[in-house]
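[1] What shape does this take:
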Amino acid sequence: MIDRRKFLQLPLGGISALAAEKYFAQTRETTSALKVKTPVVVSTWDSGMTANNAAWPILSKGGRTLDAVEAAGRASEDEPSCCVGLAAWPDRDGRVTLDAAIMDGDGDCGAVSYLERIEHPVSVARKVMETTPHVLLSGEGAQKFAIANGLPLESGALSPDAEKEWKKWLEKSKYKPEINIENRKSVSRFAPPYFFDDGTPNHDTMATVALDADGKLSGMVTTSGMASKMRGRVGDSPIIGAGLFVDNDAGAAISSGVGEEVIRICGTHTVVEQMRAGGTPEEACCEAVRRIVKRDSAKAKEMQVGFVALSSKGEIGAYAIAKGFTFTVTNADFPKGKILEAKRYF
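    Predicted coordinates:
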């Protein structure tokens, strides 16, 4: 019988769906999959508690998964410590630009990128999905669309403390993404926690997927992107199939970490297609991570990318390049949320 590791290295096109189904059926007892009670909501990182606490009341009362994940995104955008909204760390020009995407299991999706001065990009993304023939709006056009749909234009100014510390950062202009910076605790005397004690800026990507009792899936991602990024940089979060992908027949996947690497392998689409071929969520996430590492293993050791997957059967799995990638699960068994750590490649 083919070895599991070797199987995961095979491209999907190189093996039939029937062969994949038979393979995983024969080896299912050795796979790792957390089967949970539905409805369930799952978010990236420890700060997924904020997202899940907003989504769960909707989901637990029979609400739509789409409403639940939008609420998760809005709560994250409102919480300064999540650093995904207007309180987030700016680009190297001192301006906050936001990206977001939302998708349901029927394939409907919407996204915004390079959005400035709008408080809730996830809600703008939903408006794009529901009221336009497009999937992605960007920059000035996305901002005008948001205003036309009733979202106010905010000042765009950094807080005085954040601006002071950003100017300190400019003295060295260091740009090096740090592994698991999302889960580090700020000890800065400034609030909200834009900075760590070593002067490293805080940033985040918050992503959520939800499954209801009827098997309907939805997901969202919202982010401020890499700290001190080049003006105009957009990562994987608003790219459908990179930072987010949802399919009621197979499952949903979200990612966090160095977005450029996720884009290069169409990360979340890869995860969902691996589940469609019969892999467990953890196996599917592992394969996506393996493809990133294969490109440049030395470079991969200096970065973090993590994937979380929720199958249409209510199985949860995650995998990351490095240790420390966490995710939060909330359902009837864990109504206050449970934080788990993903398995890792290195």
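
[2] For the residue most central in space within the chain, which three-state class applies?
    Centroid-nearest residue in the chain, with C-alpha atoms, centre = their mean: residue 207, separated by 3.4 Å. Using DSSP: H, G, I helix; E, B strand; the rest coil, the structure places residue 207 in strand.

[3] For it, which residues are in contact?
    43-44, 219-222, 237, 243-244, 254-256, 308 (C-beta atoms under 8 Å, 6 or more residues apart in numbering). Every C-beta, even on glycine, is put in place using the N, C-alpha and C of the backbone.

[4] same question, residue 156
    Taking C-beta under 8 Å, 6+ apart as the test, what residue 156 contacts is 86, 95-96, 116-117.

[5] Among those residues, name the buried ones.
    Burial by neighbour count, judged by 16 or more other C-beta atoms under 10 Å, picks out 86, 96, 116-117 from the contacts of residue 156.

[6] Quick one: distance of stretch 124-132 to the chain centre.
    Its chain's C-alpha centre and that of stretch 124-132 lie 19 Å apart, by C-alpha atoms, centre = their mean, to the nearest Å.

[7] Helix or strand with the lowest mean pLDDT in this structure?
    Ranking every helix and strand in the chain by mean pLDDT, DSSP states H and E puts helix 17-27 at the bottom, with a mean of 41.

[8] for residue 91, what are its contacts?
    Applying C-beta under 8 Å, 6+ apart to residue 91 gives the contacts 97, 225, 228-231, 233.

[9] on that earlier part again, is it possible to get TSV of the contacts of residue 156 that adds distance to residue 156?
    Listed next are these as TSV, based on distance: C-beta to C-beta, whole Å:
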residue	distance to residue 156
86	8
95	7
96	7
116	6
117	4
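
[10] from those, which two are the most distant?
    Using C-beta to C-beta, the contacts of residue 156 span at most 10.8 Å, a distance reached by 86 and 95.

[11] still on that earlier bit, between the contacts of residue 207, which is nearest residue 318?
    residue 308 (4.5 Å).

[12] so which of the buried ones among the contacts of residue 156 comes closest to residue 323?
    Comparing the buried ones among the contacts of residue 156 against residue 323 with C-beta to C-beta places residue 96 closest, at 29.9 Å.

[13] how much space between the closest one and residue 228?
    With distances taken as C-beta to C-beta, to the nearest Å, residue 96 is found 12 Å from residue 228.

[14] Quickly list what's touching both of these two.
    Counting by C-beta under 8 Å, 6+ apart, the common neighbours of residue 96 and residue 228 are 89-90.

[15] just to revisit the earlier point, which members of the contacts of residue 207 define the maximum pairwise distance?
    Within the contacts of residue 207, two members stand farthest from each other by C-beta to C-beta: 222 and 308, at 15.0 Å.

[16] Low-confidence bits of the stretch 1-150 of the chain, can you list those?
    Scanning the stretch 1-150 of the chain with the threshold set as pLDDT under 70 gives 1-32.

[17] Please, where are all the helices along it?
    Ranges of helices within the stretch 1-150 of the chain are 4-8, 17-27, 48-60, 65-78, 121-131, 139-148, based on DSSP state H, counting those that start in this stretch.

[18] correct me, but residue 204 touches residue 85?
    No - contact criterion C-beta atoms under 8 Å: residue 204 and residue 85 do not qualify, at 9.7 Å.

[19] Common neighbours of those two, please.
    Joint contacts of residue 204 and residue 85 (C-beta under 8 Å, 6+ apart) are 76, 224.
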